[in-house]
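>>> Please work out how this folds:
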Amino acid sequence: MKLQIPKKLGRPADPALSARRQEEILDVAAKLFAEHGYSGTDTQDLADQVQVGKGTLYRYFSSKEDLFLAAVDRVMRRLLERVESSIAGVDDPLDRIEIAIQTYLGFFEEHPGFVELLIQERAQFKDRKKPTYFRHREANVEKWRDLYRGLIAAGRVRKMSVERITDVISQTLYGTIFVNYFAGQPKPSQEQARDILDVVFHGILAEGERKRRTI
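So this is what the prediction gives:
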């Protein structure tokens, strides 16, 4: 009668280790994609820099496209996390707007390569109905519209469409990060935030001219 030798069990997966390794891969991938472009980035080079086999890379991400889109998605998740963290515990809604704008611009000033990833996504994957940036915006814009509704109800913001407010501010910020990227950050982000807030909060017309003109 033959003895049945029990099979050795593989080392149980460590979720924390797996998560760290995934973040490490995305860190290096974002840097390589920003520097060399989507087409110019070699996944073997990425695997070598992370010091893993190429097969390990594909256990985390099924394809180069999957890896790239995960890197872009993480840009937006990190931006939203940074903004949420910056306004946590801030009670006044206008202060929340001010800090959020400063944080948004500061995030891309700190990570200009992330803007490059947003550009590449649009260039490489034109068939995507909604780029990652706008998917995240749509998922998070309603809470800002609620904030403006509250300010209007309290008489602190003039009565107007909250969609109009969020669209104008969002488009202003979105355009600013691209101008900064292509023009080499002409002003520090804190100064840009002050300029945007001054124009948004106070407008450009003197009080008498505001009363005289209607738009």
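>>> residues in contact with F125?
65, 69, 131 (CB atoms under 8 Å, 6 or more residues apart in numbering). To be clear about C-beta, it is placed using only N, CA and C from the backbone, and glycine gets the same treatment.
>>> Buried only: go through those for me.
Among the contacts of F125, the ones that count as buried by 16 or more other CB atoms under 10 Å are 69, 131.
>>> pLDDT and secondary structure for the contacts of F125 - can I get that in JSON lines?
Shown next, in JSON lines, are the contacts of F125 (pLDDT from 0 to 100; DSSP: H, G, I helix; E, B strand; the rest coil):
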{"residue": "E65", "pLDDT": "96", "secondary structure": "helix"}
{"residue": "L69", "pLDDT": "97", "secondary structure": "helix"}
{"residue": "P131", "pLDDT": "95", "secondary structure": "coil"}
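>>> Looking at the contacts of F125, spot the one nearest S18.
Distance ranking of the contacts of F125 against S18, using CB to CB, places L69 first at 19.3 Å.
>>> Now do the same for V90: helix, strand or coil?
coil (DSSP: H, G, I helix; E, B strand; the rest coil).
>>> With adjacent residues omitted, what lies nearest to the residue nearest to the spatial centre of the chain?
Central residue of the chain (CA atoms, centre = their mean): M76, 2.6 Å from the mean position. Closest residue in space to M76, ignoring its immediate chain neighbours: H136 at 4.1 Å, by CB to CB, 6 or more residues apart in numbering.
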